[in-house]
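[1] 3D model of this:
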Amino acid sequence: MSSFAVNNILFLDIETVPQYSSYNQLPEEWKSLWDIKAAYIIRNKENETAETVYPRAGIYAEFGRIICISCGVVQGSGDQRRIIIKSFYGDDEKIILYQFSEMLNKWSTDGTKYLCAHNGKEFDFPYLCRRLIVNNLPIPRVLQMSGKKPWEVNHLDTLDLWKFGDFKSYTSLNLLARTLGITTPKDDIDGSKVWEVYWKEKNMERIVTYCQKDVVSVAQILLRMNGEPIIKVENIEIKG
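    Sure thing, here's the model as predicted:
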């Protein structure tokens, strides 16, 4: 595997939820559109309806929204190396995206910078771009893909890197972390429960903590794949 300058990488993870708390809360025009989408999701599956699969709406940028973006950078070297984590979160997606974009633009002004996420090429990066457009916000340069050749897009994906050209299987972040001997981030909730924690429990802090742990795991995985030692737990810093 090619070696990357880890200090020039921003690791990130996003958490998303359906736009509405339940299928019954959908406006009629959106309910009709979801019914069409759900028909593809539930085909050949018995006992599933557009209503029962609505919790999955959050993974589709047209029907969901971002409630948390956690990101992290690696600083220092040797025993002094540490991960600095910061999160943007709340109920107002436009504010979250604006603040994240402002940070991203400032961070990426000098030198060659990379973004890294697990399954980022299929989910996090395109989802961010789509929701930025929905919210009438410009896409930061480091996130842009339009008009670029594949080798000009500085997006890294730990899932993609782990495949080593094999496109037949999907490896979850949890499984990959355990495989590489990294403490798993899935010690509380998983992605399928985020909508419930947000809409029913209304526990944003729990979601933010979960998102931050995923970012740490992505960073540790890339370090391991880069042939470098992982960062000690005491060197993980969460910024307010």
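
[2] By residue count, tell me the biggest strand in this protein.
    When the chain is parsed with DSSP state E, its longest strand is strand 64-75.

[3] can you pull the buried residues of the least confident helix or strand in the chain by mean pLDDT?
    Scoring the helices and strands of the chain by mean pLDDT, DSSP states H and E places strand 236-239 at the bottom, with a mean of 91. The neighbour-count check on strand 236-239 (16 or more other CB atoms under 10 Å) flags residue 236 as buried. For glycine as for every other residue, the C-beta is placed from the backbone atoms N, C-alpha and C.

[4] Over to stretch 100-116?
    By 16+ other CB under 10 Å, the buried positions in stretch 100-116 come out as 100-101, 103-104, 108, 113-116.

[5] before we move on, the earlier item: can you show me the CA trace of the longest strand of the chain as PDB?
    C-alpha atoms of strand 64-75 as PDB (Å, rounded to 0.1, in the frame of the first residue of the first chain):
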ATOM      1  CA  GLY A  64     -32.200  12.400   5.200                       C
ATOM      2  CA  ARG A  65     -30.100  15.100   6.700                       C
ATOM      3  CA  ILE A  66     -26.800  15.400   8.600                       C
ATOM      4  CA  ILE A  67     -26.900  15.900  12.300                       C
ATOM      5  CA  CYS A  68     -23.200  15.400  13.200                       C
ATOM      6  CA  ILE A  69     -19.900  15.700  11.400                       C
ATOM      7  CA  SER A  70     -16.900  14.600  13.500                       C
ATOM      8  CA  CYS A  71     -13.400  15.100  12.100                       C
ATOM      9  CA  GLY A  72      -9.900  14.600  13.300                       C
ATOM     10  CA  VAL A  73      -6.300  15.400  12.500                       C
ATOM     11  CA  VAL A  74      -3.000  13.700  13.500                       C
ATOM     12  CA  GLN A  75      -0.400  16.000  14.900                       C
END
